[in-house]
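1. here is a sequence with its predicted model. Questions after.
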Amino acid sequence: SFYNYIYCDDLGNLTQVPVFRQSDTSYNELHIKGDTSLERVQRDAFQGLHVQNLRLQKLGIRIIEDGAFNGLEEDLLELHLDDNNIKSLPANVFRSLLRVTYLGLQNNAIQSLPADIFKGMGSLRYLYLFHNRISTLPTDSFSSLKQLVGIYLHNNEITRIGDVFHSLTELTELELNDNQIADISSNSLQTVKKLNRLDLANNAIETLPRGMFDSLTDLVHLDLTNNQLSTLPMHVFQKLGNLERLYLANNRLRDLDMGIFGNLTNLRKLYLFDNRINSLPDGLFKNLSKLQTLHLYHNEIPEIRRASLQGLLHLNDLNLEDNMIWNVEQDTFHDTVQLSTLELSTNDIETLSPGMFSTLSSLTDIKLGSNKIRTIPSGVFSSLTSLETIYLDANIISNIADRAFNDLPKLMHLDLKINHMTTLSDDVFNNIPNIRTLDLTDNRINEVPTATIKRIQSLTSLILDGNKLTSLKDYACRDIRLEKLSMA
C-alpha cells in the first residue's frame, strides 16, 4: 500500500491556511511545516480533502475558527495542534470529529476549556493538554470521552480536582503534575478503576482524602513528590496491592504509621527522601519483600536496626545519606542479603564493628563518607566478596587495622581522602588483587612504606595530594604500572 501525503514546506508568513484543491484521494498525512507561520485556521480550511493525520505544529497559530475542520469528519484520526499560541477554542470546533483518536494541544496558551469542547469525540484515546495555562476543569469537560486511555494535563495552573474524570472508565494514564492543586475531592478518582499511572507531583497538596485511592486496584505508578504532605491517612494505600512505584519525596512527612505500607506487597521502588522523617518504626517495611529501591536520604533518622529493615529480602539499593544516624546495630542488614548499593554518608556514625556488613555478599558499592569514623577495624568488610568501591572520605580516621580490607577480590576503588592518617602499616592494603584507584588526599601522611605499595601491584592511580610527603622511594613503585601518581 502507498503512503499518500501532502507536505507544505517553507510557505513564509500566512494569515490563514492556503486553499487546497478538492480531491477524492485519501491522504495519510497533511503536514504544514518548515519556515512557515500561520495566524489562523479558518472555517472550512480543509473542505474537500480526505486526511487521516493533520499536523499543524510549531506554526504560531493564534486562532482556530469554528468549523475549521469541517469536511474531515469521516477520515481524520489524528489532529496535532501543539506548540502554537492558541489561547482559546470555539465550543464546537471538535464536535464533528467522531473518529479522531489522538488530539495534541500541548504547549499552547489555552486558559480555559469550554464545558462541552470535546463533545462528540467518542473515539478519542489520547488527549494532550500539558504546558498550557488552564486553571479550572469544568465538571463535564471530559464526559463524552468514554474511550480515553491517557490524559496529560501537567504544567498548567489547575488548583482543584473535583468529579471531572467520572466518565473516563477506560483511563489508564493521568498526569496532573506541575500544577497548583491544593484540593482534591475524595471521589475524584472513584470511577477511573483501570488507572495504571497517576502523577500528582509538584503541586500544593496538604492532605490526601481518606479512600481517594480505594478504587485504583490496578495502579502501578503513583507520584506525590514535592507536595506539602505532613501526614498520611492510615489506610490511604490499603487497596493498592499492584502498586510498584511510590514517590513521596520532598514533602513534610515526619511520622510514618507502622502499617502505612502494609498492603503494598508488589512495591518495587519507594522514594521518601527530602522529608522530616525522624524514626523508622519496627516492621515498617516488613511486607515489602519485593522492594528493590528504598531512598530515605535527607531526613532526620537517628538510628537503624534490624527491625527497621525487616522483610526487605530483595532490596538492592538503600540510600540513607544525610540523616542523623549515629547508631547502626550489629545485625541491621540481616534481611537485606541482596543489597548491592549502600549509601550512609553524611551522618554521625562513629563506630564500624566487625561483621556488621557480613550478610551483604552482593554489595558492590558502600559509601560511608562524611561521618565521624575514627578507626577501621579488621573484619569490618569481611565477606563482601562483590565489593568494588568503598568511600570513607571526610571522616576522622587515624587508624586502620592491618588487613582491614583483606579478601576483597573485586575491590577497585578505595577513597580515604580528608582523614587524619599519619602512617600506613605494611599490611594495611594486603590481598586486594584488583585495586585500581587509591585516594589518600588531604591526610597527614609523612611516609608510605615500600612494602605497603608492593602489596597493591594492580594499582593504576595513587593520589597522595595534601599530605606531608615530599617523595617516594625510587623503587617503591617499581613493580606497579601506575598511570597516575599525584603528590601535589
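-> Perfect, I can see it now. Numbers count the residues shown, from 1 in each chain.

2. what does the lowest-mean-pLDDT helix or strand in the chain contact?
-> Evaluated with mean pLDDT, DSSP states H and E, the helix-and-strand set of the chain has its lowest mean pLDDT in helix 450-454, which scores a mean of 84. Here helix 450-454 makes contact (Cβ atoms under 8 Å, 6 or more residues apart in numbering) with 424-429, 459, 462, 472-473, 475-477, 479-480. (C-beta placed from N, C-alpha, C; glycine too.)

3. can you list which of the residues you listed are found in strands?
-> Judged by DSSP state E, the contacts of helix 450-454 include residue 462 as members of strands.

4. any of the contacts of helix 450-454 buried? List them.
-> A residue is treated as buried here by neighbour count (16 or more other Cβ atoms under 10 Å); on that basis the buried members of these are 424-425, 427-429, 459, 462, 472, 476-477.

5. let me see the ranges of the strands in the stretch 301-450 of the chain.
-> Shown for the stretch 301-450 of the chain, the strands assigned by DSSP state E, counting those that start in this stretch span residues 303-304, 317-319, 327-328, 341-343, 365-367, 375-376, 389-391, 399-400, 413-415, 437-439.

6. which among these is found nearest to residue 34?
-> Checking those against residue 34 by Cβ to Cβ gives strand 317-319 as the closest, at 46.4 Å.

7. note down every partner strand of that closest one and its orientation.
-> For strand 317-319, the paired strands and their directions (DSSP bridges) are strand 293-295 (parallel), strand 341-343 (parallel).

8. element containing residue 151?
-> When secondary structure is defined by DSSP states H and E, residue 151 falls within strand 150-152.

9. next SSE downstream of that strand?
-> Sequence-wise, the next helix or strand downstream of strand 150-152 (DSSP H and E) is strand 160-161.

10. re the thing from before, would CSV of the strands of the stretch 301-450 of the chain with mean pLDDT be doable?
-> Listed next are these as CSV, based on pLDDT from 0 to 100:
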stretch, mean pLDDT
strand 303-304, 97
strand 317-319, 98
strand 327-328, 96
strand 341-343, 98
strand 365-367, 98
strand 375-376, 96
strand 389-391, 98
strand 399-400, 95
strand 413-415, 98
strand 437-439, 97
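
11. residues near residue 280, how many?
-> 22 (other Cβ atoms under 10 Å).

12. gap between it and residue 271?
-> With distances defined as Cβ to Cβ, to the nearest Å, the gap from residue 280 to residue 271 amounts to 15 Å.

13. one more: residue 107?
-> Noted for residue 107: a distance of 28 Å to residue 271, by Cβ to Cβ.

14. quick one: contacts for residue 414?
-> Applying Cβ under 8 Å, 6+ apart, we find residue 414 in contact with 389-390, 392, 405, 429, 432, 435, 437-439.

15. go again using 7 Å as the cut-off
-> With contacts defined as Cβ atoms under 7 Å, 6 or more residues apart in numbering, residue 414 is in contact with 390, 405, 435, 438.

16. repeat for residue 260
-> 232, 234, 237.

17. give me the element it is part of.
-> Here residue 260 sits in a region with no helix or strand, counting by DSSP H and E.

18. pull the longest strand from this protein.
-> With DSSP E setting the assignment, residue counts place strand 26-33 as the longest strand in the chain.

19. list the helices and strands that one packs on?
-> Secondary structure elements in contact with strand 26-33, counted by 3 or more Cβ pairs under 7 Å, 6 or more residues apart in numbering; DSSP states H and E, are strand 5-9, strand 50-55.

20. now tabulate the ones you listed in a markdown table and tack on mean neighbour count.
-> Converted to a markdown table, those look like this (neighbours: other Cβ atoms under 10 Å):
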| stretch | mean neighbour count |
| --- | --- |
| strand 5-9 | 13 |
| strand 50-55 | 21 |
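
21. make CSV from those strands and add mean pLDDT to it.
-> Written out in CSV, the entries for the helices and strands packed on strand 26-33 read as follows (pLDDT from 0 to 100):
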stretch, mean pLDDT
strand 5-9, 95
strand 50-55, 97
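
22. tell me which of those lies nearest to residue 187.
-> strand 50-55 (37.0 Å).

23. parallel or antiparallel, list what pairs with the closest one.
-> Strand 50-55 has these strand partners (DSSP bridges): strand 26-33 (parallel), strand 78-80 (parallel).

24. so of those strands, which one's packed in deepest?
-> Per-residue neighbour counts averaged over each of the strands paired with strand 50-55 give the maximum for strand 78-80, namely a mean of 20 (mean count of other Cβ atoms under 10 Å).

25. that one - what's its average pLDDT?
-> pLDDT averaged over strand 78-80 equals 98, rounded to a whole number.

26. next one: it to chain centre, how far?
-> With Cα atoms, centre = their mean, to the nearest Å as the basis, the distance from the averaged C-alpha position of strand 78-80 to the chain average is 30 Å.

27. with stretch 38-58 instead?
-> Between the mean C-alpha position of stretch 38-58 and that of its chain there is a distance of 38 Å (Cα atoms, centre = their mean).

28. which residues sit against it?
-> Looking at what lies outside stretch 38-58 - Cβ under 7 Å, 6+ apart - the contacts are 14-17, 20, 22-23, 25-32, 59-72, 75-83.

29. in this protein, where is pLDDT below threshold?
-> 1, 474-478 (pLDDT under 70).

30. do that again at 80, thanks
-> For the chain, the stretches flagged by pLDDT under 80 are 1-2, 470-480.

31. beta partners of the residue nearest the centre of it?
-> In the chain, the residue lying closest to the centroid (Cα atoms, centre = their mean) is residue 247, at 8.1 Å. Going by DSSP bridges, residue 247 is paired in beta bridges with residue 223, residue 271.

32. in contact with it, which residues are there?
-> Neighbours of residue 247 in contact, by Cβ under 7 Å, 6+ apart: 201, 222-225, 271.

33. just these now: which is nearest residue 213?
-> Distances from residue 213 to these, taken as Cβ to Cβ, are shortest for residue 222 (7.5 Å).

34. what residues are up against the closest one?
-> For residue 222, the residues meeting the contact criterion (Cβ under 7 Å, 6+ apart) are 198, 243, 246-247.

35. from residue 200, how far out is it?
-> Taken as Cβ to Cβ, the spacing of residue 222 relative to residue 200 amounts to 8 Å.

36. repeat for residue 385
-> The span separating residue 385 from residue 200 equals 43 Å under the rule Cβ to Cβ.

37. have a look at those two and say which one is more surrounded.
-> A direct count of neighbours by other Cβ under 10 Å for residue 385 and residue 200 places residue 200 higher, at 24 against 14.

38. tell me how far the more buried one lies from residue 132.
-> Distance, residue 200 to residue 132, using Cβ to Cβ: 18 Å.

39. residue 204 now?
-> To residue 132, residue 204 is 19 Å away according to Cβ to Cβ.

40. so which of the contacts of residue 414 wins on neighbours?
-> residue 405 (25 neighbours).

41. what's the closest non-adjacent residue to it?
-> The shortest distance from residue 405 to any residue other than its chain neighbours is 5.5 Å, reached at residue 432 (Cβ to Cβ, 6 or more residues apart in numbering).

42. could you do residue 305 as well?
-> Of all residues not flanking residue 305 in the chain, residue 329 sits nearest, at 4.6 Å (Cβ to Cβ, 6+ apart).

43. burial of the one you found, as a residue count?
-> By the criterion of other Cβ under 10 Å, residue 329 has 15 neighbours.

44. adjacent strands (with direction) for the strand holding residue 151?
-> strand 126-128 (parallel), strand 173-175 (parallel).
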